[in-house]
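J.: Here is a sequence together with a model predicted from it:
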Amino acid sequence: MVKNPKFQIYTGSNDKFYFRLNARNGEQILSSQGYASKASCQNGIESVKKNAADDGRFTKETAKDGRYYFTLTAANSQVIGHSQMYKTASGRDNGITAVQRIAADAPVEDTTI
């Protein structure tokens, strides 16, 4: 279990690089798209750190099945990451607050090394 909040870089089954942001309790609260290079993935993490403090960068969504999630976008409106699914809107909102609270200072663990 993750004891501290952190970003993790990992490789997917498609050989692309991904990152996830884990909360203090070990729960994954934000995940990325696949990147062709590790450098691009690292840039994605830096973009999360830069944009997470801005409430306007988060979009609150509801899935077709009624569960809740959010996306984080950059200044160019490109999605940087998306959340897990939440049963309640308040759970989703707490996820946004967690990203805002921890992203800027979260260390990066590279599991691809």
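T.: Received the coordinates, thanks.

J.: Tell me the confidence at residue 8?
T.: Note on residue 8: pLDDT of 96.

J.: Distance of it relative to residue 56?
T.: From residue 8 over to residue 56 the distance is 27 Å, taken as CB to CB, to the nearest Å. Bear in mind the C-beta positions are built from the backbone N, C-alpha and C, glycine included.

J.: Over to residue 7?
T.: With CB to CB as the criterion, residue 7 and residue 56 are 22 Å apart.

J.: and residue 21, what are its bridge partners?
T.: Beta-bridge partners for residue 21, by DSSP bridges, are residue 7, residue 30.

J.: unless I'm mixing things up, it is touching residue 28, no?
T.: Yes - in this structure residue 21 lies within contact range of residue 28 using CB atoms under 8 Å: 7.2 Å.

J.: Give me the more crowded residue out of those two.
T.: Taking other CB atoms under 10 Å, residue 21 and residue 28 do not tie; residue 21 has more neighbours (27 against 14).
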